[in-house]
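Trainee: how would this look folded up:
(chains A and B)
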Amino acid sequence: MKFTANSIELQRTLNKVGGVVPSKSTMPILENILCELSNNLLTITATDMAISLTVSLQVRGTEDGRVAIPAKRLMDTMKSLPDTSTVFTIDTTTNKIKITTENGEYGLTGEAAGDFPPVPPFKGTSELTMDSNIFRGIIHKTAFAVSTDELRPAMMGVLFQAKDTELRAVSTDGHRLVKLSYRQQKPVSMKKDVVIPAKALLILGKSIDEGDITISISETHVKFTYGPSFLVSRLIDEPYPNYETVIPAENDKQMTVKRDEMISSIRRVALYASATTHQIRFDITKAALQITAQDIDFGGEAKEKIPCTYTGDTLEIGFNSVYLIDILSHLESEQVMFRFSTPTRAGIVSPVGGESDSILMLVMPVRLST
Amino acid sequence: MTPRRIEVLPDHIANKIAAGEVIGRPASVVKELIENSLDAGASNVLVVVREGGRASIQVTDDGSGMEEHDAVTSFLRHATSKISSYEDLESITSFGFRGEALASIAAVARVALKTRRAEDEAATVVKIEGGDVPAVSHEGREPGTTLTVQNLFYNVPARRKFLKSAVTEFRHVYDEVQRIALSKPDIALHFISDNETVFNLKPAPLLQRLADVLGERKCEGLIPVEEKTGAVSVRGFIGKPAFGMRSRQGQYIFLNGRFIVNRTINHAVYSAYEHLLDKGTFPFFLLFLDLDPRAVDVNVHPSKLEAKFDDEQSVYRLLSSLTRRALGSIDAVPALTIQEGGIEPGTVGARFTTRQHSWPAGGTGTLWSFPERQQIDERTGEILPFISASGPVSGLASGPFPGVAEGSPLAARLLGTPGHLEGVGEGSTGVPGSVLPHGGARPDPGASTLIWQLHNKYILSQIKNGLLIVDQHVAHERVLYERALARFATSMRSTQQLLFPYTLELPAADFALLTELLPDFDMLGFDIKPFGRHTVVIEGVPPDAHTGSEGKIVEEMLALYNEYRQNDPTHVRENLAKSYSCKSAIKAGDSLNEPEMRSLIDQLFATSMPYVCPHGRPIVLRISIEELDRRFGRTS
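Mentor: Prediction:
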């Protein structure tokens, strides 16, 4: 097996799959990436057994072949090379890999390609195609809010639901929730609700290019196909919590603020909040939102006031500032609207203007002691 | 036989009976007499005893002295100059006040009183034998008072029989004199027994007096404490845990200068040591408690050894927190000493055992074994440096998506930050800890940061003079425990409301218990509402509770609380805080990243007692660089 590739192009390609390579695994083979050369096309696959990602790159091929190469050392090598051409010469019987560049020669030992776990066979049923950029946007706005808690596996993924022409993506960690609706012309062809692991989506978000992305779903897996690359991930086979019932309908206290202004204000004030609770407090009056923080343990307090328009009685409500910053920084509009009911009920955050009904975020308050 | 008529006892019999209450043994005579001297404003006191006070006791002072009338009256029962009205009794500042001591002593011994006021020409001498009529004469002497007591209990054979040997009685006398010496460092005290000076103390600052009386070495192990609150002020010393005593002997509490025995205070101090002390040892402490005499009643028993506080709770809290703080201020990390020749033949892994007696200053202690085998590189036989990754532990078994949750839920609990997944790409590309399959111990990339996790269980860190080992679970437990107690103490608490309330059905007994504890759960930061029969809804949890397991935490807390309650039914909140911290803390086996470990260590050392977990297990262990040097044969 022999081919010549540009170091920068190869590095860029490797970066896409790098996120899949597990850092520690019971199966050492998974710390390798599978490289397969067929004519001038180099196909690279990485897997952690739950997610596999296959990408490809045009190279100058001399001799076809397959081999598993230690991922970290290969990536580190490419990263530290200048923009140059690299020649890979691989003895597929001994799995010795030789990389030759104008700087010198590097040898490493790989594993037999046959030892690398194959990508699970995939029998897709329903298919949905959309623009990559839109899908990347959906990932960006939802995946941040998932739970990292393995005790609630369903919440570690993003729920995708088809409602006629609407594709709905929902994520929550039990303290906040994002509901995003994407409407298209024709009905969404997805026969069942699926929960896709956030890790797969985040890896996907980093590696999708321009063009369309096709999503196919089988009983147990989801497959994303985009250009020559594809990602296959296991689905989370757990019932998703009934999110619709927790979205309050009666929140009538509306507060509109400038998003940027609020983010910077919260960031500053939160520096003075307790490092363990990150708790800040809103005192909302007709024209102004006062944001305060107090660190009891180590001392320190901060207070800021920003203008707002608010309909409702004066309200005091506490939040974890990290959740708020997360939520606000994943919105794009100039202004956002908060809708509250009581200091212990969920607050609703949505962008003002644009398609205001297409994204809705919920954040649970922190009950303040009195 | 005709029944006897009821009659009032004659004085001399009544006095003998009453004397038994005040005067139990020579030591009580010594105590009463020295206290009288101190009440008389003496600055020099000489105590002379023979045969442990059985033969004679003589106390001489340079106090104010008495004129003739007072000298005679002083032997009458309930005759005192120290109080004159009932109101005075409410605010006693002198040692004596009951007016019983002299009368009692005179009833059971031969007593001679020789006293002179500075302004009088001559001293009055009063001699009384067994409560008879006093004989008065005059003699010359310096201003002051001498009281001589001879043949104690000569007229009460029953009592005399119960006196112990001279040696034993001397020890009791010695204890009394010593207590007074400790409580009044500004008084010169000369103590002679059978013509030998036991001690001759000059007025000195307290610490010097302690050194004079207890010995220099004991004083090295003392931590000074001082605290003033509105009503109470405390000062004194507590002993470092290493100086634990085998008995409760070294426990001195002086309430407004008076030595008292008070179980509440003892318990407050003792329990603050938690498990710093080995089983069967007791802390040394010497505390001066000053509070408004009206807020305390010392007139509980004629011996005045007991006292009743109006507000015992606040005294308890004050002493407990004072001790805790003082102990927290010292370096109480047990140092690990490696047993010489610790390598067992035939095994590759070196076994660490603590030979030593744990607390840094030496002393006695339990033996802790250190069962973890070190990882040995199979090929080279090298002992691998601290490997942060656990290698073949995590992975597929732990969940559908390994890498993704690495540390993140813990981050949420340790740092209060919701987990972020953004870093997934960079984070998992590295292959640290994968040294085994590739052979050759690569230095851990995190080595420069000097903090490592061992087997997802212990945190290792370089410290100035060696290696610090922290058990992550108990460390976090301690942090949460104190945070929970703080929530009980103040009303400052917060509750993270849940988007998806958790419905929990409980067995009837647990439900009843939870209902009873609801206010306390509330203070911890839970938001739990009863919801029909045997069912509750958890609507909110403390911000540091493990998300996703809200129901489990409550259930397990109840179970654990039940267990603790059996051992210690009184401390409801401590028990609850303990069970909360135990159940919410990170576990052994949870992998932590560097910021999480740092944050945990920072929080741990911000607690009042970072060395022992609420259950008494050690949190921190230290191996000194000298120990390691010796181990590697570096020391000559």
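
Trainee: switch to C-alpha atoms for all contacts and neighbour counts from now on
Mentor: Will do.

Trainee: report the secondary structure state of residue 168.
Mentor: You didn't pick a chain, so chain A it is. strand (DSSP: H, G, I helix; E, B strand; the rest coil).

Trainee: nearest residue to it other than its sequence neighbours?
Mentor: In this structure, A:Arg168 finds its nearest non-sequential neighbour in A:Ser181, 4.5 Å apart by CA to CA, 6 or more residues apart in numbering or on different chains.

Trainee: show me what the helix or strand containing that neighbour is packed against.
Mentor: Take DSSP states H and E as the rule and A:Ser181 turns out to sit in strand A:176-183. Packing partners of strand A:176-183 (3 or more CA pairs under 8 Å, 6 or more residues apart in numbering or on different chains; DSSP states H and E): helix A:132-142, strand A:166-172, strand A:359-363.

Trainee: quick one: average pLDDT of the helix or strand that comes right after the first one?
Mentor: Along the chain past helix A:132-142, the next helix or strand (assigned with DSSP H and E) turns out to be strand A:157-163. The predicted model gives strand A:157-163 an average pLDDT of 93.

Trainee: tell me what strand A:157-163 is packed against?
Mentor: Short answer (3+ CA pairs under 8 Å, 6+ apart): strand A:157-163 packs on strand A:166-172, strand A:194-197, helix A:198-207.

Trainee: parallel or antiparallel, which strands does it pair with?
Mentor: The sheet places strand A:157-163 alongside strand A:166-172 (antiparallel), strand A:194-197 (antiparallel), with pairing taken from DSSP bridges.

Trainee: next, format the helices and strands packed on strand A:176-183 as CSV and append distance to A:Ser333, mean neighbour count and mean pLDDT.
Mentor: As requested, these are exported to CSV (distance: least, CA to CA, whole Å; neighbours: other CA atoms under 10 Å in any protein chain shown; pLDDT from 0 to 100):
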stretch, distance to A:Ser333, mean neighbour count, mean pLDDT
helix A:132-142, 13, 18, 92
strand A:166-172, 19, 24, 93
strand A:359-363, 11, 23, 93
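
Trainee: now the ones you listed in JSON lines, with distance to B:Arg617?
Mentor: As requested, the helices and strands packed on strand A:176-183 are arranged in JSON lines below (distance: least, CA to CA, whole Å):
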{"stretch": "helix A:132-142", "distance to B:Arg617": "43"}
{"stretch": "strand A:166-172", "distance to B:Arg617": "38"}
{"stretch": "strand A:359-363", "distance to B:Arg617": "39"}
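
Trainee: show me where chain A has helices.
Mentor: All helices of chain A, identified by DSSP state H, fall at A:7-18, A:71-80, A:132-142, A:198-207, A:259-270, A:321-329.

Trainee: closest to B:Val136 out of those?
Mentor: helix A:259-270 (84.4 Å; CA to CA).

Trainee: contact partners for A:Leu331?
Mentor: Applying CA atoms under 8 Å, 6 or more residues apart in numbering or on different chains, we find A:Leu331 in contact with A:141, A:351.

Trainee: mind putting the strands paired with strand A:157-163 into CSV with distance to B:Ser320?
Mentor: Output for the strands paired with strand A:157-163, formatted as CSV (distance: least, CA to CA, whole Å):
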stretch, distance to B:Ser320
strand A:166-172, 44
strand A:194-197, 51
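
Trainee: CA atoms of the lengthiest strand in chain B as CSV?
Mentor: Taking DSSP state E as the criterion, chain B has its longest strand at strand B:494-505. Extracted in CSV, the C-alpha atoms of strand B:494-505 (Å, rounded to 0.1, in the frame of the first residue of the first chain):
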residue,chain,number,x,y,z
SER,B,494,-31.1,27.4,47.3
THR,B,495,-33.0,24.8,45.4
GLN,B,496,-32.6,24.0,41.8
GLN,B,497,-36.1,23.4,40.6
LEU,B,498,-36.6,20.4,38.3
LEU,B,499,-38.1,20.5,35.0
PHE,B,500,-39.4,16.9,35.4
PRO,B,501,-40.5,16.4,39.0
TYR,B,502,-39.7,13.0,40.3
THR,B,503,-42.5,11.0,41.9
LEU,B,504,-41.3,8.7,44.6
GLU,B,505,-43.3,6.0,46.3
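
Trainee: partner strands of that strand, with direction?
Mentor: In the sheet, strand B:494-505 lines up with strand A:366-368 (antiparallel), strand B:535-541 (antiparallel) (DSSP bridges).

Trainee: let me see the mean pLDDT of that strand.
Mentor: 88.

Trainee: any idea how far it is from the middle of the chain?
Mentor: 39 Å (CA atoms, centre = their mean, to the nearest Å).

Trainee: can you check what angle separates that strand from strand A:176-183?
Mentor: Calculated by axes from the mean of the first three to the mean of the last three CA atoms, to 10 degrees, strand B:494-505 forms an angle of 80 degrees with strand A:176-183.

Trainee: contacts for strand B:494-505 next, please.
Mentor: For strand B:494-505, contacts defined as CA under 8 Å, 6+ apart pick out A:174-176, A:241, A:246, A:344-346, A:364-369, B:525-527, B:534-543, B:550-551.

Trainee: cool, and stretch B:555-568?
Mentor: Residues from elsewhere that reach stretch B:555-568 (CA under 8 Å, 6+ apart): B:506, B:510, B:513-514, B:571-572, B:575-576, B:579-580, B:583.

Trainee: can you do 7 Å?
Mentor: B:510, B:575-576, B:579-580, B:583 (CA atoms under 7 Å, 6 or more residues apart in numbering or on different chains).

Trainee: likewise stretch A:56-74?
Mentor: With CA under 7 Å, 6+ apart, stretch A:56-74 has contacts from A:1-5, A:31-44, A:92, A:95, A:110-113, A:116, A:228-229, B:429-431.

Trainee: just the buried subset of those residues, please.
Mentor: A:1-5, A:31-37, A:40-44, A:92, A:95, A:110-113, A:116, A:229, B:429-431 (16 or more other CA atoms under 10 Å in any protein chain shown).

Trainee: domain map for the chain?
Mentor: This is for chain A. The record's domain parsing of chain A by automatic domain parsing lists A:2-115, A:126-244, A:247-363.

Trainee: my question was about chain B
Mentor: For chain B, the structural domains run B:11-204, B:221-329, B:337-479+B:589-631, B:494-584, going by automatic domain parsing.

Trainee: worst average pLDDT in these?
Mentor: domain B:337-479+B:589-631 (a mean of 56).

Trainee: wait, what's in contact with B:Gly250?
Mentor: B:284-285.

Trainee: residue ranges with poor pLDDT in chain A?
Mentor: Scanning chain A for pLDDT under 70 picks out A:297, A:354-357, A:370.

Trainee: get me the contact residues on it for chain B.
Mentor: A:18-19, A:21-26, A:50, A:72, A:144, A:148-152, A:174-176, A:199, A:203, A:246, A:275-278, A:322, A:344, A:364-369 (CA under 7 Å from any CA of the partner chain).

Trainee: give me that answer again for 6 Å
Mentor: Neighbours of chain B within chain A, by CA under 6 Å from any CA of the partner chain: A:18-19, A:21-23, A:25-26, A:148-149, A:151, A:174-175, A:276-277, A:364-369.
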